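Chemist: here is a sequence together with a model predicted from it:
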Number of protein chains: 2
Amino acid sequence: MTKTGKEVRSQIRKGLITGPTSGMAPGYVQANLAILPKDWAFDFLLFAQRNPKPCPIIEAGDMGNHFTQFCADQADICTDIPKYRVYKNGEMTEERTDITALWQNDFVYFLLGCSFSFEDALVKADLKIRHMEENVNVPMYKTNIICHAAGKFKETPMVVSMRPFKARDAIKAVEITRDYPYVHGSPVHMGNPEEIGIPDLSRPDFGDPVTVREGEIPVFWACGVTPQMAAMVARPPLMITHAPGHMFIGDKKDYEFKL
Amino acid sequence: MTKTGKEVRSQIRKGLITGPTSGMAPGYVQANLAILPKDWAFDFLLFAQRNPKPCPIIEAGDMGNHFTQFCADQADICTDIPKYRVYKNGEMTEERTDITALWQNDFVYFLLGCSFSFEDALVKADLKIRHMEENVNVPMYKTNIICHAAGKFKETPMVVSMRPFKARDAIKAVEITRDYPYVHGSPVHMGNPEEIGIPDLSRPDFGDPVTVREGEIPVFWACGVTPQMAAMVARPPLMITHAPGHMFIGDKKDYEFKL
């Protein structure tokens, strides 16, 4: 029997799960985490408003409150994620499985939509996702598409993820993902990678390369790594995120983020 | 010849236009305005994130900056709207046609999407909008649908606007407006008004009543009056808005806010 989001979170909270969450609680929404002190949180929210495709906020907490209200009922942001990363002045200083001791009254948490949600919809439409077939991480690339600045967050290159499809499936993928504006939405580019400043698809900046077959079109979506990059550039005194792949799992289902 | 958004703004800036903007610069986006001091702006942005249907922010300024970047190129928020309302502690204290003298370095402006944008799309699909046919304001109602609280903005009843259609056109209207999530999106209710706490359609809380004919379904959309009501309840020390009907007109076209 597969577990619910709540069941998995309970095991994470008890320290029984500390690894990546891929494939856990299928159908339940998974999300990226960013925690910032209040005086940085406004600019982050503004950055997200101006750059909704790479930065789709699906929940933002009240200052000082680390219990979720929307994506899950009273999940504890400090304990219910398998692994956290702590950044000071833009540099990672430690990984932890519990951040209760670090929580501050001026912290605001943000949960950001993740491509897992739209990939689930693509798979249900019988599209084959190459990095799943090849059992690797999705390839991600820095681009020459520049995100709008917002306060302390300066102009930052958008990071994109890439999935190759035949023309017919590429069209389907556009149709399907446009209905998920809260989890990156429709692609930002398709076809020639050089047009968006990617010199070589076989050398991604993050994740792993995947095979692009003759006649396939590489399709590029805005990626949730972008806001973390923006934060690294802006160097907030303190920021906490999930560790890559170690996501927040909600009570809401992926389909609830469909338009 | 019809004017562009920029041309109309230029006449507003010179004081040559001080009346309502309905029908001006057709095709160009019109938006609601809210200005709040920084220490209220974060909670307002959070309120909007949690209540995107009544509160679709299409542009938010950097603190202290009153020149737009996105909806229009360098429009002056202090002069380019025909009429403003100033609220102190939730009470309207004056109307003005220029707020340059009131601008503060800690002010943040917000432009919010407006139903004019999706009505344009409905009209282009040959739907007849009753309040246009009857040449009155759209009827608006307080409901028992409660908006999520956010910091200083407490739980507030959602205000909705209503347009009656025959079943076939009601379906069309749902299909069309779902593609405009940045300007209220799909309806929040259709049919029985009592289900959302409206006792009598002929007595709207704002705007004017319209005829609902035998066999027509009243269709309800989240309305941009909601965030103003939320602010009235929260009573910020100072808030400035547009005067009703006296909207901001951008350089962007309505269709650019389609998904």
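Modeler: On my side now, so go ahead. Residues are numbered from 1 along each chain as shown, chains lettered A, B, ... in the order given.
Chemist: which residues of the stretch 151-259 of chain A lie near chain B?
Modeler: Where the stretch 151-259 of chain A comes near chain B, counting by CB under 8 Å from any CB of the partner chain, the residues are A:151, A:178, A:181, A:185, A:186, A:259. (Glycine included, C-beta is placed from N, CA and C.)
Chemist: what ranges do the strands span in the stretch 151-259 of chain A?
Modeler: Using DSSP state E, counting those that start in this stretch, the strands found in the stretch 151-259 of chain A span residues A:156-166, A:189-190, A:216-222, A:238-242, A:248-253.
Chemist: number of residues surrounding the closest residue to chain B within the stretch 1-150 of chain A?
Modeler: Closest to chain B within the stretch 1-150 of chain A is residue A:42: 4.3 Å, counting by CB to the nearest CB. Residues lying near residue A:42 (other CB atoms under 10 Å in any protein chain shown) number 24.
Chemist: the one 5 residues further on too?
Modeler: Residue A:47 has 26 neighbours, counted by other CB under 10 Å.
Chemist: what pairs with the helix or strand encompassing residue A:112, parallel or antiparallel?
Modeler: In the assignment (DSSP states H and E), residue A:112 maps to strand A:107-113. Using DSSP bridges, the strands paired with strand A:107-113 are strand A:28-37 (antiparallel), strand A:57-60 (antiparallel).
Chemist: run through who's touching that strand.
Modeler: With CB atoms under 8 Å, 6 or more residues apart in numbering or on different chains as the test, strand A:107-113 has contacts from A:29, A:31-38, A:41, A:44-45, A:48, A:55-64, A:66, A:68, A:71, A:77, A:180, A:182-184, A:224, A:227, A:248, A:250, A:257.
Chemist: quick one: contacts for the residue nearest to residue A:139 when sequence neighbours are not counted?
Modeler: Leaving aside its chain neighbours, residue A:139 sits nearest to residue A:204 (3.7 Å; criterion: CB to CB, 6 or more residues apart in numbering or on different chains). The contact partners of residue A:204, by CB under 8 Å, 6+ apart, come to A:139, A:140, A:141, A:162.
Chemist: residue A:204 and residue A:153, how far apart?
Modeler: 24 Å (CB to CB, to the nearest Å).
Chemist: residue A:166 now?
Modeler: 38 Å.
Chemist: what's the burial count for the residue lying closest to residue A:249 once chain neighbours are set aside?
Modeler: Sequence neighbours aside, residue A:5 is the residue nearest to residue A:249 in space, at 4.5 Å (criterion: CB to CB, 6+ apart). Using other CB under 10 Å, residue A:5 is surrounded by 25 other residues.
Chemist: also residue A:39?
Modeler: 14.
Chemist: that one falls within a helix, correct?
Modeler: Yes: counting by DSSP: H, G, I helix; E, B strand; the rest coil, residue A:39 falls inside a helix.
Chemist: could you find the closest non-adjacent residue to it?
Modeler: For residue A:39, the spatially nearest residue (CB to CB, 6+ apart) is residue A:106, at 7.5 Å.
Chemist: test my guess that that neighbour contacts residue A:66.
Modeler: No: counting by CB atoms under 8 Å, residue A:106 does not reach residue A:66; the two are 12.0 Å apart.
Chemist: between these two, who's got more neighbours?
Modeler: Counted by other CB under 10 Å, residue A:106 and residue A:66 do not tie: residue A:66 has more neighbours, with 20 against 12.
Chemist: so what does that one have for phi and psi?
Modeler: phi -110, psi 20 (degrees, to the nearest 10).
Chemist: show the pLDDT at the nearest residue to residue A:191 once chain neighbours are set aside.
Modeler: Here the nearest residue to residue A:191 in space, its sequence neighbours aside, is residue A:217; by CB to CB, 6+ apart that works out to 5.7 Å. pLDDT recorded at residue A:217 is 96.
Chemist: on that earlier part again, now, which of the residues of the stretch 151-259 of chain A next to chain B lie within helices?
Modeler: The members of these all map outside helices under DSSP state H.
Chemist: in JSON lines, list these along with pLDDT.
Modeler: Shown next, in JSON lines, are these (pLDDT from 0 to 100):
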{"residue": "A:151", "pLDDT": "93"}
{"residue": "A:178", "pLDDT": "93"}
{"residue": "A:181", "pLDDT": "89"}
{"residue": "A:185", "pLDDT": "94"}
{"residue": "A:186", "pLDDT": "95"}
{"residue": "A:259", "pLDDT": "82"}
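Chemist: now, among those residues, which is nearest to residue B:135?
Modeler: Closest to residue B:135 out of these is residue A:259 (33.2 Å), distances taken as CB to CB.
Chemist: if we can go back for a sec, output the strands of the stretch 151-259 of chain A as TSV; include the columns mean neighbour count and distance to residue B:234.
Modeler: Shown next, in TSV, are these (neighbours: other CB atoms under 10 Å in any protein chain shown; distance: least, CB to CB, whole Å):
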stretch	mean neighbour count	distance to residue B:234
strand A:156-166	23	33
strand A:189-190	20	42
strand A:216-222	22	34
strand A:238-242	21	29
strand A:248-253	23	28
